[in-house]
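**Student:** Test case, fold it:
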Amino acid sequence: MTETATLTWFSGNYGSTMQAFALQKTVMELGYGNHIINYVPNKREKLTFFCKSSARFVTLKAKIENKKIESKFLNREEIDQKNKKFEEFYEESLLLTETIPTQNQMKSLNNKYRVFLCGSDQIWNPNYFKKCNFLDFVSASNKKIAYAPSIGTTKLAENEKRKMKPYLDRFNKISVREQSSKNLIESVVEKPVQVVCDPVFLLSREKWIKSMQLKAPEGKYILCYFLGDNPEYQETAKKLQKILNIKVKVIPTNIFGYSLGFETQKTVGPKDWLNLLYGAEFILTDSFHATAFSIIFNKSFYVLKRFSDTSPKSQNSRIYHLLNMTGLEDRIWQDTTNVSYIENDTWKNVDEKMRTERETSTLWLKNALEDK
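**Tutor:** Residues are numbered from 1 along each chain as shown. Sure, this is the predicted structure:
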């Protein structure tokens, strides 16, 4: 059996964790061994990356906010309980390499693995640039495959293109998650670039239910999962609650989420997160992966914009691509939107489109792994 290794984001984030799980499961179902590279940067490496990152102030703001959340909204027991759920998921549901504290130490993996993948999520976002996310440590004799990474923006500066180019040139096969990312990569290198679905779509609804042992909680509820902090989110949730006359549950990710005034789910682990999405009557979100699972589970939902479309930091394009692909463009929330459920006939069309996407993307991955 050919052993493969995947470099991707998977730690501490619900969507990242699930896409890592789905890609690993799919690679193994195709007949390959696979381990996710357990890159846990040491203090020196974290500091170096922080100083070089163009998003360092965003990172610092998030760290400060997390400290405030822990001091104001969560007690020590709740923090430990949530962390334990993540750790248990990594141990029970993911196959990881030994802990690797520096990018330089990844070179030793060439002795064990012959095929390397860099996985999905925004690992190619220029604001979080790391050479290892482009498999720079992989030797020339070993295969390098990109499966569905996202650039996370619709523009690349010329200096960002120059920085990426030597690493992109080394890839044997490249696929990306959105058309916008395809356009940008093709402006950097003369290689064929395939658009494939996010790894979470590689698994059918039935596989997700079985793998995660999902069971819908009792009672109807609206689920809110917001990564941003737009005050309009609260008004939208109140409007939907008034119309549907059911309770609202919130999975908070920031101080804003804890301050919405609805029932707060404080100790949500990866499986809990998925189960809450699976059991929801209606979902409000600004998250790509929460939108993706709304579609997988056939849940009526609305996407609220986390970014202005004119912002150079906007990540809206990845959600637009997903909604365009499924024909659900009308699920972008507008002030004038009349609340409606997604009809069964619409879901039948969506399921068929996503089945085709799953088959096409799985075939691309299969061929990429098999090609000499």
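**Student:** what is the closest residue to Lys191 other than its chain neighbours paired to in the beta sheet?
**Tutor:** Residue nearest to Lys191 in three dimensions, not counting chain neighbours: Ile174, with 5.8 Å by Cβ to Cβ, 6 or more residues apart in numbering. (C-beta placed from N, C-alpha, C; glycine too.) Per DSSP bridges, the residues bridged to Ile174 are Ala146, Val193.
**Student:** tally of neighbours for the closest residue in space to Leu109 that isn't next to it in sequence?
**Tutor:** Spatial nearest neighbour of Leu109, chain neighbours left out: Ala5 (5.7 Å); criterion: Cβ to Cβ, 6+ apart. Using other Cβ atoms under 10 Å, Ala5 has 23 neighbouring residues.
**Student:** re earlier: what separates the residue nearest to Lys191 from Asn254, distance-wise?
**Tutor:** Separation of Ile174 from Asn254 (Cβ to Cβ, to the nearest Å): 34 Å.
**Student:** same check, this time on Lys143
**Tutor:** Lys143 is 40 Å from Asn254, by Cβ to Cβ.
**Student:** More neighbours: which of those two?
**Tutor:** Lys143 (20 against 17).
**Student:** Check whether that one really touches Val115, as I assumed.
**Tutor:** Yes - the pair Lys143 / Val115 is scored as a contact, 4.5 Å apart, by Cβ atoms under 8 Å.
**Student:** From what I see, Phe49 and Pro41 are in contact.
**Tutor:** Yes - between Phe49 and Pro41 a contact is recorded at 6.8 Å, counting by Cβ under 8 Å.
**Student:** Flag every buried residue along stretch 145-157.
**Tutor:** Ile145, Ala146, Tyr147, Ala148, Pro149, Ser150, Ile151, Gly152, Thr153, Thr154, Leu156 (16 or more other Cβ atoms under 10 Å).
**Student:** all strands of this structure, in order?
**Tutor:** 3-7, 33-36, 115-118, 143-146, 173-176, 193-195, 221-225, 247-250, 263-264, 282-285, 301-303 (DSSP state E).
**Student:** who wins for proximity to Glu70 among these?
**Tutor:** Of all the strands of the chain, strand 263-264 sits nearest to Glu70, with 14.3 Å by Cβ to Cβ.
**Student:** Tell me the strands beside the closest one, with direction?
**Tutor:** Applying DSSP bridges to the sheet, strand 263-264 is found paired with strand 247-250 (parallel).
**Student:** Next, the buried residues of the partner strand.
**Tutor:** Buried residues in strand 247-250 (16+ other Cβ under 10 Å): Val248, Lys249, Val250.
**Student:** Rounded mean pLDDT for it, please.
**Tutor:** For strand 247-250, mean pLDDT rounds to 97.
**Student:** next one: it to chain centre, how far?
**Tutor:** A distance of 23 Å separates the centroid of the chain from that of strand 247-250, by Cα atoms, centre = their mean, to the nearest Å.
**Student:** follow-up on the earlier one: mind checking the strands of the chain for the one nearest to Lys67?
**Tutor:** Nearest to Lys67, of the strands of the chain and by Cβ to Cβ, is strand 263-264 at 18.2 Å.
**Student:** surely Arg114 meets Ala5?
**Tutor:** No - assessed by Cβ under 8 Å, Arg114 is found out of contact with Ala5, at 9.3 Å.
**Student:** quick one: Leu260 and Lys249 touch, right?
**Tutor:** No - using Cβ under 8 Å, Leu260 makes no contact with Lys249, being 10.4 Å away.
**Student:** Need the overlap of contacts for the two.
**Tutor:** Residues touching both Leu260 and Lys249 by Cβ atoms under 8 Å, 6 or more residues apart in numbering: Cys224.
**Student:** Show me what the least confident helix or strand in the chain by mean pLDDT is packed against.
**Tutor:** Here the helix or strand of the chain ranked lowest by mean pLDDT, DSSP states H and E is helix 56-72, holding a mean of 74. Applying 3 or more Cβ pairs under 8 Å, 6 or more residues apart in numbering; DSSP states H and E, we find helix 56-72 packed against helix 43-52, helix 255-258.
**Student:** in the shortest one, what's buried?
**Tutor:** For helix 255-258, the neighbour count (16+ other Cβ under 10 Å) marks Phe256, Gly257, Tyr258 as buried.
**Student:** Make JSON lines out of those and add pLDDT.
**Tutor:** Converted to JSON lines, the buried residues of helix 255-258 look like this (pLDDT from 0 to 100):
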{"residue": "Phe256", "pLDDT": "91"}
{"residue": "Gly257", "pLDDT": "92"}
{"residue": "Tyr258", "pLDDT": "93"}
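**Student:** Which single one of those residues is nearest to Arg355?
**Tutor:** For these, the residue nearest Arg355 by Cβ to Cβ is Gly257; the value is 33.8 Å.
**Student:** contacting residues around the closest one?
**Tutor:** With contact taken as Cβ under 8 Å, 6+ apart, Gly257 is in contact with Cys224, Phe226, Asp229, Val250, Ile251, Thr264.
**Student:** top of the residues you listed by neighbour count?
**Tutor:** Per-residue neighbour counts (other Cβ under 10 Å) across the contacts of Gly257 peak at Cys224, which has 30 neighbours.
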